[in-house]
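K.L.:
Model the structure of this input:
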Amino acid sequence: MTEAMPASARTPYAGLTPQTVLDALESVGFVGDGRLIALNSYENRVYLVYLEDADPVVVKFYRPNRWSDAQIAEEHALLEELHEDEVPAVAPLRLDRGAARTRGIGTEQPPAELLADGTLARWEGFRFAVFPRRGGRAPELDQPGVLEWIGRFIARIHRVGAWAPFRHRPSISPASLGDTARRTVVESGMLPDECKGAWLAAVDAVLLRVRAAFDALSDCPSIRLHGDCHPGNVLWTSAGPHFVDFDDARNGPAVQDLWMLTSGQGRTATGDLARLLEGYEAVRPFDRRELSLIEPLRSLRLIHYSGWLASRWDDPAFPAAFPNFGSAHYWQERTGELREQIAAFDDSAHDA
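P.N.:
Predicted structure coming up:
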(Lines give C-alpha, C1' and ligand atoms only; values in the text may rest on other atoms or scores of the structure.)
Protein backbone atom coordinates (compact mmCIF):
# COMPACT_ATOMS: atom_id res chain seq x y z
CA MET A 1 0.00 0.00 0.00
CA THR A 2 1.37 3.41 -0.96
CA GLU A 3 1.59 6.22 1.55
CA ALA A 4 -1.26 8.71 1.37
CA MET A 5 -0.41 11.84 -0.58
CA PRO A 6 -0.28 14.91 1.65
CA ALA A 7 -3.04 17.45 1.18
CA SER A 8 -0.54 20.04 -0.03
CA ALA A 9 0.40 17.76 -2.94
CA ARG A 10 -3.23 16.98 -3.80
CA THR A 11 -4.18 20.67 -3.83
CA PRO A 12 -0.87 22.49 -4.38
CA TYR A 13 -2.47 25.89 -5.01
CA ALA A 14 -5.23 25.79 -2.39
CA GLY A 15 -3.66 28.67 -0.47
CA LEU A 16 -2.87 30.80 -3.50
CA THR A 17 -5.68 33.34 -3.21
CA PRO A 18 -5.80 36.66 -5.10
CA GLN A 19 -4.76 38.39 -1.88
CA THR A 20 -1.76 36.07 -1.54
CA VAL A 21 -0.72 36.94 -5.10
CA LEU A 22 -0.93 40.67 -4.35
CA ASP A 23 0.85 40.30 -1.01
CA ALA A 24 3.67 38.31 -2.66
CA LEU A 25 4.19 41.04 -5.24
CA GLU A 26 4.03 43.75 -2.60
CA SER A 27 6.71 41.96 -0.59
CA VAL A 28 9.17 42.69 -3.41
CA GLY A 29 7.98 46.21 -4.12
CA PHE A 30 5.21 45.85 -6.71
CA VAL A 31 1.92 47.42 -5.57
CA GLY A 32 -1.09 46.03 -7.39
CA ASP A 33 -4.20 48.12 -7.96
CA GLY A 34 -6.41 45.09 -7.27
CA ARG A 35 -6.80 43.89 -10.85
CA LEU A 36 -5.33 40.53 -11.79
CA ILE A 37 -6.15 38.11 -14.59
CA ALA A 38 -5.35 34.40 -14.48
CA LEU A 39 -3.51 33.36 -17.65
CA ASN A 40 -3.73 29.95 -19.25
CA SER A 41 -1.43 27.51 -17.48
CA TYR A 42 -2.10 24.08 -16.02
CA GLU A 43 1.34 23.30 -14.65
CA ASN A 44 1.98 26.60 -12.87
CA ARG A 45 -0.23 29.53 -11.92
CA VAL A 46 0.39 32.65 -13.95
CA TYR A 47 -1.28 36.04 -13.51
CA LEU A 48 -1.28 39.37 -15.29
CA VAL A 49 -1.27 41.93 -12.48
CA TYR A 50 -1.97 45.62 -12.93
CA LEU A 51 0.10 47.95 -10.77
CA GLU A 52 -0.74 51.29 -9.21
CA ASP A 53 2.02 53.36 -10.78
CA ALA A 54 3.83 51.14 -13.28
CA ASP A 55 3.20 48.91 -16.27
CA PRO A 56 1.48 45.57 -15.61
CA VAL A 57 3.65 42.57 -14.83
CA VAL A 58 3.25 38.83 -15.23
CA VAL A 59 3.84 36.81 -12.08
CA LYS A 60 4.48 33.08 -12.28
CA PHE A 61 3.98 30.83 -9.25
CA TYR A 62 5.88 27.60 -9.76
CA ARG A 63 4.18 24.29 -9.02
CA PRO A 64 5.47 23.05 -5.66
CA ASN A 65 7.81 20.05 -5.74
CA ARG A 66 8.23 20.03 -9.53
CA TRP A 67 11.53 21.84 -10.09
CA SER A 68 14.22 22.47 -7.51
CA ASP A 69 15.50 25.97 -6.82
CA ALA A 70 18.65 25.11 -8.79
CA GLN A 71 16.62 23.93 -11.79
CA ILE A 72 14.52 27.09 -11.82
CA ALA A 73 17.70 29.13 -11.51
CA GLU A 74 19.00 27.45 -14.68
CA GLU A 75 15.83 28.40 -16.57
CA HIS A 76 16.26 32.00 -15.45
CA ALA A 77 19.97 32.00 -16.30
CA LEU A 78 19.24 30.84 -19.86
CA LEU A 79 16.65 33.59 -20.28
CA GLU A 80 19.16 36.15 -19.00
CA GLU A 81 21.84 34.89 -21.40
CA LEU A 82 19.38 35.14 -24.30
CA HIS A 83 18.43 38.67 -23.26
CA GLU A 84 22.09 39.71 -23.03
CA ASP A 85 22.71 38.25 -26.49
CA GLU A 86 19.80 40.35 -27.82
CA VAL A 87 17.63 37.33 -28.52
CA PRO A 88 13.99 38.37 -27.96
CA ALA A 89 13.18 36.28 -24.89
CA VAL A 90 11.44 37.59 -21.79
CA ALA A 91 13.79 37.29 -18.81
CA PRO A 92 12.53 37.53 -15.21
CA LEU A 93 13.04 40.76 -13.32
CA ARG A 94 15.59 40.94 -10.54
CA LEU A 95 13.70 41.37 -7.30
CA ASP A 96 14.50 43.51 -4.30
CA ARG A 97 12.84 42.65 -1.03
CA GLY A 98 14.09 45.98 0.32
CA ALA A 99 11.98 47.77 -2.28
CA ALA A 100 8.86 47.24 -0.20
CA ARG A 101 10.47 49.15 2.69
CA THR A 102 11.78 51.88 0.40
CA ARG A 103 8.30 52.44 -0.96
CA GLY A 104 6.86 52.53 2.53
CA ILE A 105 4.81 49.36 2.12
CA GLY A 106 4.83 45.96 3.68
CA THR A 107 5.81 47.29 7.08
CA GLU A 108 3.61 44.77 8.89
CA GLN A 109 4.84 41.70 7.05
CA PRO A 110 8.29 40.21 6.50
CA PRO A 111 9.90 40.56 3.08
CA ALA A 112 9.97 37.65 0.66
CA GLU A 113 12.90 35.25 0.73
CA LEU A 114 15.00 35.76 -2.40
CA LEU A 115 16.40 32.79 -4.31
CA ALA A 116 18.07 32.07 -7.67
CA ASP A 117 20.27 35.14 -7.84
CA GLY A 118 17.35 37.41 -6.97
CA THR A 119 15.00 36.38 -9.78
CA LEU A 120 13.01 33.89 -7.69
CA ALA A 121 11.27 34.61 -4.39
CA ARG A 122 9.43 32.57 -1.80
CA TRP A 123 6.28 33.83 -0.12
CA GLU A 124 4.05 31.79 2.19
CA GLY A 125 5.50 28.57 0.77
CA PHE A 126 5.07 29.55 -2.89
CA ARG A 127 8.00 30.30 -5.18
CA PHE A 128 7.37 33.00 -7.76
CA ALA A 129 9.06 35.10 -10.42
CA VAL A 130 8.01 38.39 -11.98
CA PHE A 131 8.27 39.11 -15.70
CA PRO A 132 7.61 42.23 -17.76
CA ARG A 133 4.49 41.91 -19.88
CA ARG A 134 5.20 41.28 -23.55
CA GLY A 135 2.22 41.12 -25.85
CA GLY A 136 1.79 39.48 -29.22
CA ARG A 137 -0.50 37.32 -31.30
CA ALA A 138 -0.40 33.78 -32.58
CA PRO A 139 1.92 33.44 -35.59
CA GLU A 140 0.36 32.79 -38.99
CA LEU A 141 2.58 29.88 -39.90
CA ASP A 142 1.17 29.54 -43.42
CA GLN A 143 2.15 33.07 -44.38
CA PRO A 144 5.28 33.57 -46.53
CA GLY A 145 8.47 34.01 -44.55
CA VAL A 146 7.00 33.28 -41.10
CA LEU A 147 8.49 29.80 -40.60
CA GLU A 148 11.81 30.93 -42.00
CA TRP A 149 11.86 33.80 -39.49
CA ILE A 150 10.98 31.47 -36.63
CA GLY A 151 13.71 29.09 -37.80
CA ARG A 152 16.29 31.88 -37.57
CA PHE A 153 15.01 32.80 -34.13
CA ILE A 154 15.26 29.21 -32.84
CA ALA A 155 18.80 28.99 -34.20
CA ARG A 156 19.70 32.10 -32.20
CA ILE A 157 18.27 30.46 -29.06
CA HIS A 158 20.28 27.31 -29.78
CA ARG A 159 23.46 29.26 -30.42
CA VAL A 160 23.22 30.51 -26.84
CA GLY A 161 21.95 27.16 -25.57
CA ALA A 162 25.04 25.43 -26.94
CA TRP A 163 27.40 27.53 -24.79
CA ALA A 164 27.06 25.11 -21.87
CA PRO A 165 24.59 22.39 -20.85
CA PHE A 166 22.16 22.47 -17.96
CA ARG A 167 23.74 20.85 -14.90
CA HIS A 168 20.59 20.35 -12.84
CA ARG A 169 17.76 20.09 -15.35
CA PRO A 170 17.06 16.70 -16.97
CA SER A 171 17.79 15.74 -20.56
CA ILE A 172 15.34 14.53 -23.16
CA SER A 173 15.72 10.76 -23.35
CA PRO A 174 13.63 7.58 -23.63
CA ALA A 175 14.13 7.06 -19.88
CA SER A 176 13.23 10.55 -18.67
CA LEU A 177 10.13 10.99 -20.82
CA GLY A 178 9.11 7.44 -21.74
CA ASP A 179 10.01 5.02 -18.96
CA THR A 180 9.05 7.47 -16.23
CA ALA A 181 5.66 8.16 -17.80
CA ARG A 182 4.98 4.45 -18.27
CA ARG A 183 5.71 3.79 -14.61
CA THR A 184 3.59 6.76 -13.49
CA VAL A 185 0.58 5.56 -15.46
CA VAL A 186 0.82 2.01 -14.13
CA GLU A 187 1.18 3.18 -10.53
CA SER A 188 -1.64 5.74 -10.81
CA GLY A 189 -4.46 3.22 -11.10
CA MET A 190 -5.92 5.27 -13.97
CA LEU A 191 -5.34 2.54 -16.56
CA PRO A 192 -8.36 0.17 -16.67
CA ASP A 193 -7.60 -3.56 -16.60
CA GLU A 194 -9.35 -4.10 -19.93
CA CYS A 195 -7.01 -1.58 -21.61
CA LYS A 196 -3.79 -2.30 -19.76
CA GLY A 197 -2.42 -5.12 -21.88
CA ALA A 198 -2.91 -3.37 -25.22
CA TRP A 199 -1.56 -0.02 -24.04
CA LEU A 200 1.51 -1.49 -22.35
CA ALA A 201 2.29 -3.64 -25.38
CA ALA A 202 2.10 -0.58 -27.63
CA VAL A 203 4.21 1.54 -25.26
CA ASP A 204 6.89 -1.13 -24.94
CA ALA A 205 7.03 -1.66 -28.70
CA VAL A 206 7.37 2.08 -29.28
CA LEU A 207 10.02 2.56 -26.61
CA LEU A 208 12.07 -0.28 -28.07
CA ARG A 209 12.22 1.62 -31.36
CA VAL A 210 12.78 4.97 -29.67
CA ARG A 211 15.79 3.67 -27.75
CA ALA A 212 17.30 2.28 -30.93
CA ALA A 213 16.89 5.64 -32.67
CA PHE A 214 18.52 7.54 -29.80
CA ASP A 215 21.35 5.01 -29.57
CA ALA A 216 22.05 5.43 -33.29
CA LEU A 217 22.62 9.16 -32.73
CA SER A 218 24.42 9.01 -29.41
CA ASP A 219 27.20 11.22 -30.83
CA CYS A 220 24.84 14.14 -31.58
CA PRO A 221 25.32 17.10 -29.25
CA SER A 222 22.79 17.79 -26.52
CA ILE A 223 22.16 21.50 -25.99
CA ARG A 224 19.90 23.66 -23.84
CA LEU A 225 16.49 23.91 -25.49
CA HIS A 226 13.15 25.64 -25.06
CA GLY A 227 11.82 22.09 -24.84
CA ASP A 228 8.12 22.78 -25.51
CA CYS A 229 8.38 24.70 -28.74
CA HIS A 230 4.83 24.56 -30.14
CA PRO A 231 2.89 27.42 -31.81
CA GLY A 232 1.06 28.25 -28.58
CA ASN A 233 4.36 29.32 -27.04
CA VAL A 234 5.23 31.71 -29.86
CA LEU A 235 4.02 35.32 -29.81
CA TRP A 236 4.30 37.47 -32.92
CA THR A 237 4.69 41.22 -33.07
CA SER A 238 5.67 43.71 -35.75
CA ALA A 239 9.27 43.08 -34.67
CA GLY A 240 8.94 39.33 -35.23
CA PRO A 241 8.55 36.32 -32.93
CA HIS A 242 9.46 35.71 -29.34
CA PHE A 243 8.99 32.57 -27.29
CA VAL A 244 7.35 32.41 -23.89
CA ASP A 245 7.22 29.71 -21.21
CA PHE A 246 10.67 28.15 -20.91
CA ASP A 247 9.34 26.05 -18.01
CA ASP A 248 10.10 22.79 -19.84
CA ALA A 249 13.63 23.78 -20.85
CA ARG A 250 15.92 20.73 -20.97
CA ASN A 251 19.05 19.43 -22.63
CA GLY A 252 18.36 17.62 -25.87
CA PRO A 253 18.73 17.47 -29.66
CA ALA A 254 18.10 20.66 -31.61
CA VAL A 255 15.30 19.07 -33.65
CA GLN A 256 13.13 18.98 -30.49
CA ASP A 257 12.49 22.72 -30.91
CA LEU A 258 11.57 22.36 -34.58
CA TRP A 259 9.26 19.42 -35.17
CA MET A 260 6.29 20.66 -33.12
CA LEU A 261 6.04 23.73 -35.37
CA THR A 262 5.22 21.57 -38.39
CA SER A 263 1.67 20.71 -39.41
CA GLY A 264 1.17 17.06 -38.51
CA GLN A 265 2.87 14.44 -40.65
CA GLY A 266 3.38 13.78 -44.33
CA ARG A 267 3.99 16.20 -47.19
CA THR A 268 2.77 19.31 -45.36
CA ALA A 269 5.06 18.64 -42.42
CA THR A 270 7.98 18.09 -44.78
CA GLY A 271 7.35 21.47 -46.43
CA ASP A 272 7.05 23.24 -43.09
CA LEU A 273 10.27 21.64 -41.87
CA ALA A 274 12.10 22.68 -45.02
CA ARG A 275 11.09 26.30 -44.43
CA LEU A 276 12.10 26.17 -40.77
CA LEU A 277 15.50 24.70 -41.67
CA GLU A 278 16.03 27.28 -44.40
CA GLY A 279 15.89 29.96 -41.73
CA TYR A 280 17.70 27.92 -39.08
CA GLU A 281 20.69 27.05 -41.25
CA ALA A 282 21.12 30.69 -42.25
CA VAL A 283 22.19 31.26 -38.63
CA ARG A 284 23.50 27.96 -37.27
CA PRO A 285 24.44 24.56 -38.74
CA PHE A 286 21.94 21.75 -38.29
CA ASP A 287 22.87 18.07 -38.26
CA ARG A 288 20.38 16.55 -40.72
CA ARG A 289 20.75 13.16 -39.05
CA GLU A 290 18.58 14.53 -36.25
CA LEU A 291 15.57 14.40 -38.57
CA SER A 292 15.42 10.68 -37.81
CA LEU A 293 14.52 11.61 -34.22
CA ILE A 294 11.25 13.36 -35.13
CA GLU A 295 9.06 10.26 -34.83
CA PRO A 296 10.86 9.07 -31.67
CA LEU A 297 10.34 12.52 -30.12
CA ARG A 298 6.70 12.56 -31.18
CA SER A 299 6.27 9.14 -29.59
CA LEU A 300 7.86 10.26 -26.33
CA ARG A 301 5.57 13.28 -26.22
CA LEU A 302 2.50 11.05 -26.62
CA ILE A 303 3.60 8.75 -23.80
CA HIS A 304 4.73 11.61 -21.58
CA TYR A 305 1.38 13.37 -21.96
CA SER A 306 -0.50 10.46 -20.38
CA GLY A 307 2.07 10.23 -17.61
CA TRP A 308 1.76 13.96 -16.98
CA LEU A 309 -2.02 13.75 -16.61
CA ALA A 310 -1.73 10.75 -14.30
CA SER A 311 0.81 12.55 -12.13
CA ARG A 312 -1.42 15.63 -11.82
CA TRP A 313 -4.80 13.93 -11.35
CA ASP A 314 -5.05 14.83 -7.64
CA ASP A 315 -4.90 18.52 -8.59
CA PRO A 316 -8.60 19.55 -8.83
CA ALA A 317 -7.91 21.59 -11.97
CA PHE A 318 -7.09 18.47 -13.99
CA PRO A 319 -10.29 16.37 -13.73
CA ALA A 320 -12.25 19.49 -14.63
CA ALA A 321 -10.06 20.23 -17.68
CA PHE A 322 -9.56 16.62 -18.89
CA PRO A 323 -12.77 14.74 -18.00
CA ASN A 324 -12.09 11.94 -20.50
CA PHE A 325 -8.77 10.93 -18.99
CA GLY A 326 -8.80 7.46 -17.45
CA SER A 327 -11.79 6.22 -19.42
CA ALA A 328 -11.57 3.14 -21.64
CA HIS A 329 -12.15 5.38 -24.65
CA TYR A 330 -9.17 7.57 -23.72
CA TRP A 331 -6.79 4.61 -23.48
CA GLN A 332 -8.11 3.04 -26.67
CA GLU A 333 -7.36 6.29 -28.52
CA ARG A 334 -3.88 6.51 -27.02
CA THR A 335 -3.17 2.89 -27.93
CA GLY A 336 -4.26 3.61 -31.49
CA GLU A 337 -1.90 6.59 -31.67
CA LEU A 338 1.01 4.50 -30.46
CA ARG A 339 0.27 1.79 -33.01
CA GLU A 340 0.36 4.46 -35.71
CA GLN A 341 3.79 5.46 -34.42
CA ILE A 342 4.97 1.84 -34.65
CA ALA A 343 3.80 1.79 -38.27
CA ALA A 344 5.64 5.07 -38.94
CA PHE A 345 8.85 3.63 -37.48
CA ASP A 346 8.55 0.47 -39.50
CA ASP A 347 7.73 2.30 -42.74
CA SER A 348 10.75 4.52 -42.23
CA ALA A 349 13.00 1.51 -41.65
CA HIS A 350 11.64 -0.15 -44.78
CA ASP A 351 12.25 2.98 -46.88
CA ALA A 352 15.81 3.19 -45.57
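K.L.:
Now do the same contact list for the spatially most central residue of the chain.
P.N.:
Centroid-nearest residue in the chain, with Cα atoms, centre = their mean: Asp248, separated by 3.1 Å. By Cβ atoms under 8 Å, 6 or more residues apart in numbering, the contact set of Asp248 is His226, Gly227, Asp228. In this view, the C-beta of every residue, glycine as well, is placed from N, C-alpha and C.
K.L.:
so which of these is the most crowded?
P.N.:
Neighbour counts for the contacts of Asp248 peak at His226, which has 26 neighbours (criterion: other Cβ atoms under 10 Å).
K.L.:
how about that one, what does it touch?
P.N.:
Residues in contact with His226 (Cβ under 8 Å, 6+ apart) are Ile154, Ile157, Asn233, Phe243, Phe246, Asp248, Ala249, Asp257.
K.L.:
neighbours around the first one, how many?
P.N.:
Residue crowding around Ile154 was assessed by other Cβ under 10 Å; the count is 28.
K.L.:
what secondary structure does the closest residue to it other than its chain neighbours sit in?
P.N.:
Nearest non-adjacent residue to Ile154, counting by Cβ to Cβ, 6 or more residues apart in numbering: Asp257, 5.2 Å away. Classification of Asp257 using DSSP: H, G, I helix; E, B strand; the rest coil returns helix.
K.L.:
can you confirm Arg35 is in a helix?
P.N.:
No. Arg35: not assigned to a helix; according to three-state DSSP it is strand.
K.L.:
Correct me if wrong: it contacts Leu51.
P.N.:
No. Using Cβ atoms under 8 Å, Arg35 is not in contact with Leu51, being 9.2 Å away.
K.L.:
hmm, back to that, so which of the contacts of His226 are in strands?
P.N.:
Phe243 (DSSP state E).
K.L.:
Count the residues that sit near the nearest residue to Arg94 once chain neighbours are set aside.
P.N.:
In this structure, Arg94 finds its nearest non-sequential neighbour in Gly118, 4.7 Å apart by Cβ to Cβ, 6+ apart. The number of residues packed near Gly118 is 15, by other Cβ under 10 Å.
K.L.:
How about the contacts made by Gly118?
P.N.:
By Cβ under 8 Å, 6+ apart, the contact set of Gly118 is Arg94, Leu95, Asp96.
K.L.:
Quick one, grab the pLDDT at the last one.
P.N.:
Per-residue confidence for Asp96 comes out at a pLDDT of 82.
K.L.:
wouldn't it be in contact with Val28 here?
P.N.:
Yes. Judged on Cβ under 8 Å, Asp96 makes contact with Val28 at a distance of 6.4 Å.
K.L.:
out of the two, which sits in the more crowded spot?
P.N.:
It is Val28, of Asp96 and Val28, that has more neighbours when counted by other Cβ under 10 Å, with 24 against 16.
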